[in-house]
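Novice: Give me a model of this one.
(chains A and B)
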Amino acid sequence: MDKHNTFEYLLRLGDNALILSQRLSQLCGKGPAMEEDMALTNVALDLLGQTRLWYSYAGELEGAGRDEDALAFRRDAHEFRNCLLLEQPNGNYADTMVRQFYFDTWHYFLIEGLTRSSDARIAAIAEKSLKEVSYHLRRSGDLIVRLGDGTEFSHARTQTAVEALWMYSGEMFAYDGLDQAMVAAGIAPDGAELRSHWLAHVGSIFKEATLTMPPADAWMQSGGKQGRHSEHLGYVLAEMQFLQRAYPGATW
Amino acid sequence: MDSIDSLASFTPAQVWQWLGEVADPEIPVISIVDLGIVRDVQVSADAVCTVVITPTYSGCPAMQVIADAVTEALRAHGVQQIELRNQLSPAWTTDWMSASGKAALRGYGIAPPAQQVIDISGLQRHAHGSAHAAISRSVPAPQVECPHCGSVHTTLTSQFGSTPCKALYKCLDCHEPFDYFKCH
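Specialist: Sure thing, here's the model as predicted:
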């Protein structure tokens, strides 16, 4: 397998985890309840740990001397490969949790597929991450049911979030040439298969949550994986990268 | 070891014993060996001591502290050349925690993992349809025993506690809150 392709694919995996981790960290100390605050930051921590594993491997494959910190702090927005869903603002708690649930469902099936990757290092990282990712999904699914099947107010807000974020869900399964090459090499799982698992799980949770699922064939936004981002990512990076930009190489 | 082809003045068994005295930085009543994160110890003929450790959670902030503590403990016993290796696969599970470690946790007020870890892959194959048991909402919650009064009449307050490896529970009999070391 072409090393450069695997490097690019690893950036996608790492960038998704890092940008969502950063978004969740922004809620540290601001969660709607103590338990939620701890959960958000613990999920952020798990994702950050996974980011480090993906980036370290990416840096080694690239062989250009970039380590995990260089990849996180010294790339600009157009060099990030995360899906647009993950850079969307935290909004209200329904927005935060619907974003999380869409991602967690995809992440679970993706990571589960990656445990059988032909790349042994990717399979090992996936095996390590799978239990964390399953736990995240159980939690976000529970919360979607609680919010959707809660009060009239929480139901309305959650339904609005479900519809507003829906157009960002398709990008996770929209496989471009790079993704296809990964599937062909036995490194990544098939996108159509992930999508059918995703639709089934999201559908069953929405049913329990009394939420209406938007049409599966709705128009979907894309571009994040190729480096075309919304304006939100620039603000996320400005906050996350400030210190290393202002004081390059600063350490604790 | 008085073998002429080994320069090492210590054996892997001794190293295991020394590591058994290194406490987990967040749960000081349990050693890193009892916790099951030391996977392997090797001593080479030229006295290089290799210790293989595995993280409990990929984002565990204690890993660096643990690596430093291992190095420090071995240095204190005169080991000069230390090589630490991080191993991800097979992934750490709470099953690797020793029985004495679990007892120490209980004594410290933390409920130890309540069930043997189930092989997720096996469940997925046997689950009906495409349902993945690991993420199913219908899988019953583990029965967690209160470390204070021993009652199993307990309830989950929060899926996450003071560290990523713990959840918060409360006892419905003695009404005390407690940490539960999650099953993974």
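
Novice: In terms of helices and strands, where is B:Val41?
Specialist: If you go by DSSP states H and E, B:Val41 is part of strand B:38-43.

Novice: Report the distance from that strand to the chain centre.
Specialist: 16 Å (C-alpha atoms, centre = their mean, to the nearest Å).

Novice: quick check: angle from the following helix or strand past it to strand B:38-43?
Specialist: The helix or strand immediately downstream of strand B:38-43 is strand B:48-53, counting by DSSP H and E. Angle of strand B:48-53 versus strand B:38-43, following axes from the mean of the first three to the mean of the last three C-alpha atoms, to 10 degrees, is 170 degrees.

Novice: Let me know the pLDDT of A:Glu1.
Specialist: Quick fix: residue A:1 reads Met, not Glu. On the pLDDT scale, A:Met1 is placed at 60.

Novice: Identify the residue nearest the closest residue to chain B within chain A in space, chain neighbours excluded?
Specialist: Nearest residue of chain A to chain B: A:Gly49, at 2.6 Å (C-beta to the nearest C-beta). Where you see a C-beta, it was placed from the backbone N, CA and C, and this is true even at glycine. Once flanking residues are discounted, A:Gly49 sits nearest to B:Gly59: 2.6 Å by C-beta to C-beta, 6 or more residues apart in numbering or on different chains.

Novice: Does the one you found touch A:Leu47 like I think?
Specialist: Yes. Contact status for B:Gly59 versus A:Leu47: in contact at 7.2 Å, counting by C-beta atoms under 8 Å.

Novice: Neighbour count: the two, which is higher?
Specialist: Remark: of B:Gly59 and A:Leu47, A:Leu47 carries more neighbours, 29 against 24, as counted by other C-beta atoms under 10 Å in any protein chain shown.

Novice: Which element, helix or strand, includes the residue of chain A closest to chain B?
Specialist: Element membership for A:Gly49, per DSSP H and E: helix A:34-62.

Novice: what's that helix packed up against?
Specialist: Packing contacts for helix A:34-62, counted by 3 or more C-beta pairs under 8 Å, 6 or more residues apart in numbering or on different chains; DSSP states H and E, involve helix A:3-25, helix A:68-73, helix A:93-114, helix A:120-148, strand B:154-158.

Novice: CA atoms only for the shortest one - export them in PDB, please.
Specialist: Coordinates of the C-alpha atoms in strand B:154-158 are reproduced here as PDB (Å, rounded to 0.1, in the frame of the first residue of the first chain):
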ATOM      1  CA  THR B 154     -27.300   0.300  43.800                       C
ATOM      2  CA  THR B 155     -27.900   2.700  40.900                       C
ATOM      3  CA  LEU B 156     -25.800   4.500  38.300                       C
ATOM      4  CA  THR B 157     -25.600   8.200  38.800                       C
ATOM      5  CA  SER B 158     -23.100   9.100  36.000                       C
END
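
Novice: list the helices and strands the strand holding B:Val41 packs on?
Specialist: Strand B:38-43 packs on helix B:12-19, strand B:48-53, going by 3+ C-beta pairs under 8 Å, 6+ apart.

Novice: which residues are contacting the helix ranked longest in chain B?
Specialist: In chain B, taking DSSP state H as the definition, the longest helix is helix B:63-76. Residues outside helix B:63-76 that contact it (C-beta atoms under 8 Å, 6 or more residues apart in numbering or on different chains) are B:15, B:18-19, B:21-25, B:32, B:37, B:49, B:51, B:53, B:55, B:82, B:84, B:86.

Novice: Give the next helix or strand downstream of that helix.
Specialist: strand B:81-86.

Novice: which element follows that next one toward the C-terminus?
Specialist: From strand B:81-86, the next helix or strand downstream (DSSP H and E) is helix B:99-107.

Novice: Check whether A:Asp190 really touches A:Met182, as I assumed.
Specialist: No. A:Asp190 is beyond contact range of A:Met182, at 10.1 Å (criterion: C-beta under 8 Å).

Novice: Counting neighbours, go ahead and name the busier of these two.
Specialist: A:Met182 (25 against 14).

Novice: Run a quick neighbour tally on B:Arg106.
Specialist: B:Arg106 has 19 neighbouring residues, counting by other C-beta under 10 Å.

Novice: could you give me the average pLDDT of stretch B:158-175?
Specialist: In the prediction, stretch B:158-175 has an average pLDDT of 88.

Novice: distance between the ends of that stretch?
Specialist: 15 Å (C-alpha to C-alpha, to the nearest Å).

Novice: is any part of it close to chain A?
Specialist: Yes. Against chain A, stretch B:158-175 shows contacts by C-beta under 8 Å from any C-beta of the partner chain at B:Ser158, B:Gln159, B:Phe160, B:Gly161, B:Ser162, B:Pro164, B:Leu168.

Novice: Can you tell me which of those residues are buried?
Specialist: B:Ser158, B:Gln159, B:Phe160, B:Gly161, B:Pro164, B:Leu168 (16 or more other C-beta atoms under 10 Å in any protein chain shown).

Novice: what kind of secondary structure is the third one in?
Specialist: So that's B:Phe160. coil (DSSP: H, G, I helix; E, B strand; the rest coil).

Novice: so it makes contact with A:Ala39?
Specialist: Yes. In this structure, B:Phe160 is within contact of A:Ala39 by C-beta under 8 Å, at 4.5 Å.
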